[in-house]
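> Can you look at this prediction? I've put the sequence above it.
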Amino acid sequence: MKYAGLLAMPAGFLLTIAALVLYPAPGPRAAFVLCGLAVEGLGLGVAVRGHMEARRGNRA
Amino acid sequence: MNAPLTDSTFALTLALLFLAPLAIAGVALINTGLGRSRSAAQALLGNLAILAVTVIVFALVGATLAGSQPGAAGAAGLSFQLAGKSWNWVGTAPFLLGGLGAAPAQAQLAVLFQFLAVALAAMLPWGSGADRWRLAAGCAAAAIIAALVFPLTAHWIWGGGWLAQLGQNFGLGAGFLDGGGAASVHALGGLGALAVVWIAGPRKGKFPQEGLSTAMPGHNAVYVLFGALLALMGWLAWNAAGAILWLHAPLSARPVNALNTLLTAAGALAATFAMTRFRFGKPDASLCANGWMTGLVASTASSGMVTPGISLLIGIVAGVITPLLVEALELALSIDDPSGAISVHAIGGLWGLLAVGLFAPQPGQLIAQLVGIATLLGVILPLFYLLFALLNHWVPFRVDPDGERIGMDLHELGGGAYPEFVIHRDESYR
């Protein structure tokens, strides 16, 4: 689970790069960059969740 | 290329860079004070060893990839073409600092700044791995930071790399701005700390099978608070030198830069003091020190870019989020970070970078800052985890349980930091 989250984070980064290349207008570019950051946030959330589950497993 | 430095600016910047290591000393004291007494000597020796390792490795490998050497700023480096734009992604400065002595003064100062920056960045994960991270593994991780991760980031931001060129290539303000290293030092080091904590795991007894996590307060609040004061002196010099070198700010703006640094830290301390007083009934010394440091870290990005009023606001926000984050990481997310580097340096650095985008006057600057933040989260953190997880197979991060029980000082150094003191039994080992 942690690895899935960590893999999603570069995907979010690629979205932000795509925003720069594909959208010259400020509005869509900003929206796409924010989407990229949101994907990174989701990836980080999944990675943290994976860490917590692993810790819970170790406690039990 | 910017105008060369005048003699007086060169002399001032050099003097500032001689004072900047006080920031490193402050962080080292904080790292030591927030750990346990039975690991204090190993913690402080580790900071010194990491400083030595990073300086050597950066001279051997990193400075070449950072590519900030003579004539290289903004131009030299490997690039590829994408969508009609040049993406400069790695530096190609002369090997082993060749030709540095004959380089322009500004290039020499830039290299000196980067040596200090990489040392500080590599010390941040060490504090988070306190009480269980082996010295050899800490030095090996520092070598990775100095050889690869920091040089790439520094080149992208300071060496004319693709993040610095966002303004020129895509009309995003002045490109990604990071005057003192909020990204390349603090966010980078803080994200490295998160990777270390994930890989090494928590200290034994920190998260028991039942109930809340065990409180393991730092062993010396005086070290921590004095380290925070020492860091202020270093930060004032660091931010001023960074603004001259990377933002090309005029000398006349240095007093405001210093004032902004002070105001951000003061606002952060006041906010953390009030928050902990409100939540716990009494102000918490180590959290207040962490709040102060978060303010300093945030100022690293913003002090050369915003007004004093905005600096105070940035500091207050930093001071409010610090205690909340420290608590959330430990209680909600099971992350054992003794020095608070993740909250202080990673989040503080990211907040400072975001604040520059929010309050900067240039259009497009916010997007440039967001792209930089996305790079740190989407490239640097996964890269750290990958490299450190591989390293952990070769040089295990975590000390064996017996070593953790007797303390890192006795286990790794054969002697304690306080040999005449009685070391009390640790309740968490019952």
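Cool, got the structure.
> Contacts only, for the residue in the stretch 201-350 of chain B positioned nearest to chain A.
Nearest residue of the stretch 201-350 of chain B to chain A: B:S334, at 4.3 Å (C-beta to the nearest C-beta). Quick note: C-beta positions are derived from backbone N, CA and C, even for glycine. By C-beta atoms under 8 Å, 6 or more residues apart in numbering or on different chains, B:S334 lies in contact with A:H51, A:M52, A:R55, A:R56, B:P202, B:F207, B:S213.
> what do you get for B:L112?
Neighbour list for B:L112: B:L14, B:L17 [criterion: C-beta under 8 Å, 6+ apart].
> Give me the phi and psi for the residue of the stretch 201-350 of chain B closest to chain A.
When read as degrees, to the nearest 10, the backbone of B:S334 gives phi 60, psi 40.
> Likewise for B:L259?
Dihedral angles (degrees, to the nearest 10) for B:L259: phi -60, psi -40.
> burial measure for it, as a count.
Using other C-beta atoms under 10 Å in any protein chain shown, B:L259 has 15 other residues around it.
> what residues are up against it?
Contacts of B:L259 (C-beta under 8 Å, 6+ apart): B:P308, B:S311.
> can you map out the strands along chain B?
For chain B, strands defined by DSSP state E occupy the ranges B:78-82, B:85-90.
> Tell me which of those is the most buried.
Burial of the strands of chain B is given as mean neighbour count (mean count of other C-beta atoms under 10 Å in any protein chain shown); strand B:85-90 ranks first at a mean of 18.
> helices and strands around that strand, which ones?
Judged by 3 or more C-beta pairs under 8 Å, 6 or more residues apart in numbering or on different chains; DSSP states H and E, the packing partners of strand B:85-90 are strand B:78-82, helix B:150-157, helix B:166-170.
> now the residue in chain A that chain B sits nearest to, what's its secondary structure?
The nearest approach of chain A to chain B comes at A:F13, 2.6 Å away (C-beta to the nearest C-beta). Secondary structure, DSSP: H, G, I helix; E, B strand; the rest coil: A:F13 is helix.
> sorry, back to before: what sits closest to the residue of the stretch 201-350 of chain B closest to chain A if chain neighbours are left out?
Nearest residue to B:S334 in three dimensions, chain neighbours excluded: A:R55, at 4.3 Å (C-beta to C-beta, 6 or more residues apart in numbering or on different chains).
> leaving aside the residues next to it on the chain, what's closest to the spatially most central residue of chain A?
Closest residue to the average C-alpha location of chain A: A:E40 at 1.6 Å, with C-alpha atoms, centre = their mean. Distances taken as C-beta to C-beta, 6+ apart place A:G12 nearest to A:E40, at 3.5 Å, with adjacent residues excluded.
> That neighbour against B:V379, yeah?
No - using C-beta atoms under 8 Å as the test, A:G12 is too far from B:V379 to be in contact (10.1 Å).
> residues from chain B in reach of chain A?
B:82-83, B:85, B:166, B:170, B:198, B:201-202, B:207-209, B:333-335, B:363-364, B:366-367, B:370-371, B:373-375, B:377-379, B:381-382, B:385-386 (C-beta under 8 Å from any C-beta of the partner chain).
> still on that earlier bit, can you tell me which of the contacts of B:S334 lies closest to B:S252?
A:H51 (48.4 Å; C-beta to C-beta).
> got the end-to-end distance for stretch B:142-152?
Its start and end residues considered, stretch B:142-152 measures 15 Å (C-alpha to C-alpha, to the nearest Å).
> do the same with stretch B:134-154
27 Å.
> Which of the residues in that stretch are classified as buried?
B:134-135, B:137-154 (16 or more other C-beta atoms under 10 Å in any protein chain shown).
> Could you do stretch A:49-60 as well?
Buried, per 16+ other C-beta under 10 Å, within stretch A:49-60: A:G50, A:H51, A:M52, A:R55.
> Dump that stretch to PDB, restricted to CA.
The C-alpha coordinates for stretch A:49-60 follow below in PDB (Å, rounded to 0.1, in the frame of the first residue of the first chain):
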ATOM      1  CA  ARG A  49      -2.100   4.900   5.600                       C
ATOM      2  CA  GLY A  50       0.100   2.000   4.500                       C
ATOM      3  CA  HIS A  51       2.700   3.000   7.200                       C
ATOM      4  CA  MET A  52       0.000   3.100   9.800                       C
ATOM      5  CA  GLU A  53      -1.400  -0.300   8.900                       C
ATOM      6  CA  ALA A  54       2.100  -1.800   9.000                       C
ATOM      7  CA  ARG A  55       2.600  -0.300  12.400                       C
ATOM      8  CA  ARG A  56      -0.700  -1.700  13.600                       C
ATOM      9  CA  GLY A  57       0.400  -5.100  12.300                       C
ATOM     10  CA  ASN A  58       3.600  -4.900  14.300                       C
ATOM     11  CA  ARG A  59       1.800  -3.900  17.500                       C
ATOM     12  CA  ALA A  60      -0.600  -6.900  17.300                       C
END
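> any idea how far that stretch is from the chain center?
The chain centroid and the centroid of stretch A:49-60 are separated by 21 Å, computed with C-alpha atoms, centre = their mean, to the nearest Å.
> what do you get for stretch B:171-186?
So, by C-alpha atoms, centre = their mean, the centroid of stretch B:171-186 is 14 Å from its chain's centroid.
> which parts of it are buried?
Under the neighbour-count criterion of 16+ other C-beta under 10 Å, stretch B:171-186 has B:172-186 buried.
> Next, the distance between the ends of that stretch.
Stretch B:171-186 has an end-to-end distance of 27 Å (criterion: C-alpha to C-alpha).
> could you list every residue that touches the residue nearest to A:E40?
Per C-beta under 8 Å, 6+ apart, neighbours of A:G12: A:G36, A:L37, A:A38, A:V39, A:E40, A:G41, A:L42, A:G43, B:A374, B:L377, B:G378.
> tell me which of those is nearest to B:L410?
Checking those one by one against B:L410 (C-beta to C-beta), the nearest turns out to be B:L377, at 38.8 Å.
> pLDDT score for that closest one?
Looking at B:L377, its pLDDT reads 98.
> Next one, pLDDT for the closest residue to it other than its chain neighbours please.
Nearest residue to B:L377, sequence neighbours excluded (C-beta to C-beta, 6+ apart): A:E40, at 4.6 Å. Looking at A:E40, its pLDDT is 97.
> Would you tell me what helix or strand A:E40 is located in?
helix A:26-59 (DSSP states H and E).
> In the stretch 1-150 of chain B, which residue sits nearest chain A?
Residue of the stretch 1-150 of chain B nearest chain A, by C-beta to the nearest C-beta: B:A83 (4.2 Å).
> The residue nearest to B:S334 against B:V197, yeah?
No - shown here, A:R55 and B:V197 do not form a contact pair, counting by C-beta under 8 Å, at 11.0 Å.
> quick revisit: just send the buried residues of stretch A:49-60 back as a markdown table, with pLDDT too.
Shown next, in a markdown table, are these (pLDDT from 0 to 100):
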| residue | pLDDT |
| --- | --- |
| A:G50 | 91 |
| A:H51 | 88 |
| A:M52 | 86 |
| A:R55 | 75 |
